[in-house]
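In: Pasting the sequence and the predicted coordinates here, then a few questions.
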Amino acid sequence: MLVIVISSSCGFIAFYDRRVSELAREGNKLLEKDAAISREWRDEFITVFTPENRARFPSNRDDLRPHAENLIRLLEQRVALNNEAAAKFDQAAEISRLEKEKKFASLMAGSLRKDVEINLLLLDQMRLVLDEEIKDQIAFNSAFMTITDNVGLKLKESRDLSSAARECMGRKATLSIPY
């Protein structure tokens with residue numbers, strides 16, 4: 001009987017360790033998809049929303065609109081992926097028996113939730129282009145730059161959490177977030 005309990009107990013522990021690894025792998029796969037979308041978003045954003053193009057707003061609203069709509073689509077995908085990845089890391093933190101893994105997963109989930117906040121701000125920024133109430137360049141650029149400043153603050157928070165996560169696992173914090 002004692003052998004069965006130990007076997008059952010070992011099997012139970014192995015299941016949780018395996019499940020933590022599975023959740024982390026699933027979260028990382030989601031982050032790989034997010035990285036690809038992020039590169040696509042970044043490339044279009046920096047090409048289209050230059051200071052020169054923003055200075056011509058609203059006369060170029062019709063030219064910017066399809067880009068804003070595409071960037072909104074990409075950002076919505078990123079929000080979904082980041083939320084799903086955060087949930088995976090939250091689940092891993094809940095079931096992990098190792099404090100270091102638990103802390104890593106929790107910090108990664110926190111970083112991803114900050115990324116969601118960033119993407120929601122960027123969605124608001126792109127919606128400025130679609131907002132017919134904005135009728136002059138000064139109002140547009142003021143709102144655009146306010147959001148840019150807020151993104152910078154959230155980005156620092158996200159990077160700090162991500163760095164702390166990697167450091168707690170003994171890894172150098174070399175994450176590059178392509179915003």
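Out: Arrived safely, thanks for sending.

In: For the rest of this, base every contact and every neighbour count on C-alpha atoms.
Out: Fine.

In: what's the nearest residue to residue 20 if we skip its chain neighbours?
Out: In space, and not counting its chain neighbours, residue 20 is closest to residue 92: 4.9 Å by C-alpha to C-alpha, 6 or more residues apart in numbering.

In: got the contact list for residue 161?
Out: 107-108, 110-111 (C-alpha atoms under 8 Å, 6 or more residues apart in numbering).

In: hang on, residue 164 packs against residue 105?
Out: No: using C-alpha atoms under 8 Å, residue 164 makes no contact with residue 105, being 10.7 Å away.

In: Compare these two (neighbour count), which wins?
Out: residue 105 (30 against 20; other C-alpha atoms under 10 Å).

In: quick one, helices of the chain?
Out: 2-48, 51-55, 61-95, 99-130, 137-168 (DSSP state H).

In: Deepest-packed of these, please.
Out: Neighbour counts (mean count of other C-alpha atoms under 10 Å) averaged over each of the helices of the chain peak at helix 99-130, with a mean of 22.

In: thinking again about what came up before, residues bridging contact with residue 164 and residue 105, i.e. touching both?
Out: Counting by C-alpha under 8 Å, 6+ apart, nothing touches both residue 164 and residue 105.

In: which stretches of the chain have low pLDDT?
Out: 1-16, 171-179 (pLDDT under 70).

In: Quick check: chain neighbours aside, which residue is closest to the residue nearest the centre of it?
Out: Nearest to the mean C-alpha position of the chain, counting by C-alpha atoms, centre = their mean, stands residue 115 at 3.3 Å. Leaving aside its sequence neighbours, residue 115 sits nearest to residue 158 (C-alpha to C-alpha, 6+ apart; 6.4 Å).

In: Tell me which residues touch the one you found, please.
Out: 110-112, 114-115.

In: how far away is it from residue 135?
Out: Residue 158 sits 34 Å away from residue 135, going by C-alpha to C-alpha, to the nearest Å.

In: Many thanks, have a good one.
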